[in-house]
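In: Sharing a model that was predicted from the sequence below.
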Amino acid sequence: MWRKRVREQRLPPVLVIYAPLVGKWLLLDGHVRLQAALDEGVQPRLVGLCAVRPLPAASDEERSKWVEDAERVYSSIEKSRGEREATTTINAWALEEFGQDYVVAPQRVWPALDTSGQ
């Protein structure tokens with residue numbers, strides 16, 4: 001049944017959850033669907049569950065120390081690799097440090113099939 005769904009491109013996703021303790025994604029539901037997709041040579045769609053938790057806000061002292069460090073690093077990178085690379089690096093670093101108030105993971109969702117017949 002599931003291999004037919006794979007060929008029809010109607011296979012529901014496999015449900016996985018991230019386990020930070022082991023640093024791996026664990027399969028919760030869809031063992032047979034996963035095997036059917038692999039047998040047909042198709043990469044199955046996954047729906048991943050993960051925890052979302054608030055991050056503590058950085059203090060003014062931490063931010064000013066970060067700015068000092070960023071200016072020093074920027075100068076060093078600019079000299080060796082140019083302004084564009086330095087700007088890109090510092091922007092990525094700033095977003096990593098201060099860009100989010102929550103730890104989140106993007107998730108793909110599979111729309112529910114309408115079984116009501118309407």
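Out: That came through, no problem. What you are looking at is a predicted structure, and each value in this text was computed from that prediction instead of being measured. Numbers count the residues shown, from 1 in each chain.

In: average pLDDT for the top helix by length along the chain?
Out: Ranked by number of residues, the top helix in the chain under DSSP state H is helix 60-81. Helix 60-81 shows a mean pLDDT of 87 in the predicted model.

In: same for that helix, what does it pack against?
Out: The contact analysis (3 or more Cβ pairs under 8 Å, 6 or more residues apart in numbering; DSSP states H and E) places helix 60-81 against helix 83-98. Placement of C-beta: from N, CA and C, glycine included.

In: Show me the contact partners of the helix it packs on.
Out: 58, 63, 66, 70, 73-75, 77-78 (Cβ atoms under 8 Å, 6 or more residues apart in numbering).

In: now it, how far from the centre of its chain.
Out: How far helix 83-98 lies from its chain's middle: 19 Å, per Cα atoms, centre = their mean, to the nearest Å.

In: May I see the buried residues of it?
Out: Buried residues in helix 83-98, counted by 16 or more other Cβ atoms under 10 Å: 86, 89-90, 93.

In: Stretch 64-77 now?
Out: Buried, per 16+ other Cβ under 10 Å, within stretch 64-77: 70, 74, 77.

In: which one of the buried residues of helix 83-98 is nearest Leu49?
Out: Trp93 (29.0 Å; Cβ to Cβ).

In: So that closest one versus Arg72, what's the distance?
Out: Shown here: Trp93 relative to Arg72, a distance of 12 Å by Cβ to Cβ, to the nearest Å.

In: what about Leu15, which SS state?
Out: Recorded secondary structure, Leu15: strand (DSSP: H, G, I helix; E, B strand; the rest coil).
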